[in-house]
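Q: fold the following, please.
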Amino acid sequence: MIYLKEFTLMDEDATYYNGWDSIVRQDTQDEHYPLGLFALKLQEIDFDDITVFYGGNGSGKSTLLNLITETLDIQRSGKYNRTKMFDFFVKNNRYELNDIKNVPLSSKFIASDDVFKHILSVREENSRIRNRKSSESDYYDEVKNSSYTDYWDNGVHLDMEDREGIDAFRKFVDGRSKSKRRFVRDRAGELQRQFSNGENALIYFDKQIEENALYLLDEPENSMSPQFQLQLKTLIEDSVRFKNCQFIIASHSPFILSLENAKIYNLDAEPVTVEKWYQLENMKIYYEFFKLFRYNFEAGKAEEDSHLSEKHIPPRKH
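A: Have a look, this model is predicted:
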């Protein structure tokens, strides 16, 4: 499903007819970024169900995602550090939607930093739960064989306005009436299952991607092994096919670039070209490298198959 049909970057020549030439001369290079980044190589972008911006560091692929995100006012988890010229771009960029008035509200920009934050938050929460479990376990051991008078000398007289007192008494009763395992679980919570970074990243994307929305993903392959990059590839393809999603992705991963029917803009070219993933220069380098060592892979596979067959040789009959 295509929600964003076309995006046109600001005509940079027009900035000099709007008084920006004098401002640019006074600013530092950082302050007028991204002026000049796309001037000679890209202005109009036509989108497909899956569109990928490919290029090396400094090619502008992440900047393009951020320009689109801010121009369309798409939700993101954190603020983007903007320059004066970036804001000027946002105000003067143009876009065309595909037979809809607005981009779906559930659309999102997801950066690799968002995934790392999720992975770290899971670890931190598990660490807090472990500490609480230890503390609650010690408390349980302390009160299990205690009497009320050990804690309330003159009997229990609860003030219904005293929330802390009521909570303390409830905790005391729970400690005396429940099994240790149940008490600790109820008080401290359950640990989240420990996954690898790649598994956690894949789970994060699976939870974030909903139906009928536009998603902008900035280098989603970060923190993922090839195995999980392939699973992410399948998740994206299935989300297009079954969830009516559209994706715009910045990536240089061969697994992401090989997404089915992806339209790939090669930002390393001037002017920018649309190419198949296997036509990209870096992909050809991968191909030539593995082709050079093809014998090693085939010999290793033959040796592995030989060992497997030896394990299954039936015993001789005497």
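Q: for the residue lying closest to E281 once chain neighbours are set aside, which three-state class applies?
A: Spatial nearest neighbour of E281, chain neighbours left out: D268 (7.2 Å); criterion: C-beta to C-beta, 6 or more residues apart in numbering. C-betas here are computed from N, CA, C, even on glycine. The assignment at D268 comes out as coil when based on DSSP: H, G, I helix; E, B strand; the rest coil.
Q: gap between D268 and L280?
A: Separation of D268 from L280 (C-beta to C-beta, to the nearest Å): 8 Å.
Q: of these two, who's got more company?
A: Higher neighbour count among D268 and L280: L280, with 21 against 18, using other C-beta atoms under 10 Å.
Q: just the pLDDT at the more buried one, thanks.
A: Looking at L280, its pLDDT is 94.
Q: equivalent analysis for A269, please.
A: 92.
Q: check Y17 too.
A: Value listed for Y17 in the pLDDT field: 48.
Q: cool, the one 3 residues further on as well?
A: On pLDDT, W20 comes in at 53.
Q: and for A250, the neighbour number?
A: A250, neighbours per other C-beta under 10 Å, totals 26.
Q: and the gap between it and L37?
A: Distance of A250 to L37, computed by C-beta to C-beta: 14 Å.
Q: cool, F228 as well?
A: Counting by C-beta to C-beta - F228 and L37 are separated by 32 Å.
Q: got it, and D87?
A: Look at D87 and L37: by C-beta to C-beta, they are 15 Å apart.
Q: looking at the two, which one has more neighbours?
A: More neighbours surround L37 than the other of D87 and L37, with 19 against 11 (other C-beta under 10 Å).
Q: which residues in the stretch 1-150 of the chain form helices?
A: For the stretch 1-150 of the chain, applying DSSP state H, counting those that start in this stretch gives helices covering 20-26, 61-71, 84-92, 112-143.
Q: what residue, apart from its backbone neighbours, is nearest the spatially most central residue of the chain spatially?
A: By C-alpha atoms, centre = their mean, the chain has its centre lying nearest to V115, at 4.1 Å. In space, and not counting its chain neighbours, V115 is closest to A201: 4.8 Å by C-beta to C-beta, 6+ apart.
Q: so the one you found touches V122, yeah?
A: No. Taking C-beta atoms under 8 Å as the definition, A201 is not a contact partner of V122, at 10.8 Å.
Q: which one's more surrounded, the two?
A: A201 (27 against 18).
Q: give me the below-cutoff pLDDT ranges for this protein.
A: By pLDDT under 70, the weakly predicted segments of the chain are 13-31, 125-126, 129, 148-161, 184, 187-195, 300-318.
Q: could you chop it up by domain?
A: Here the domain parsing of the chain from automatic domain parsing is 4-114+211-292, 118-188.
Q: out of those domains, nearest to N197?
A: domain 4-114+211-292 (4.6 Å; C-beta to C-beta).
Q: quick one: end-to-end distance for the closest one.
A: Domain 4-114+211-292 stretches 42 Å from its first residue to its last (C-alpha to C-alpha, to the nearest Å).
Q: starting at the chain centroid, how far to it?
A: How far domain 4-114+211-292 lies from its chain's middle: 15 Å, per C-alpha atoms, centre = their mean, to the nearest Å.
Q: repeat that for stretch 112-131.
A: The answer for stretch 112-131 is 14 Å, by C-alpha atoms, centre = their mean.
Q: the residue nearest to E281 against G58, yeah?
A: No. Between D268 and G58 there is no contact, the gap being 9.9 Å when judged by C-beta under 8 Å.
Q: elements contacting the helix or strand hosting Y286?
A: Using DSSP states H and E, Y286 falls within helix 281-292. On a contact count with 3 or more C-beta pairs under 8 Å, 6 or more residues apart in numbering; DSSP states H and E, helix 281-292 meets helix 254-257.
Q: now Y80. Nearest residue, chain neighbours left out?
A: Nearest-residue entry for Y80: N66, 5.5 Å, with adjacent residues in sequence omitted and distances by C-beta to C-beta, 6+ apart.
Q: if we can go back for a sec, so the residue nearest to V115 versus I249, what's the distance?
A: Distance, A201 to I249, using C-beta to C-beta: 14 Å.
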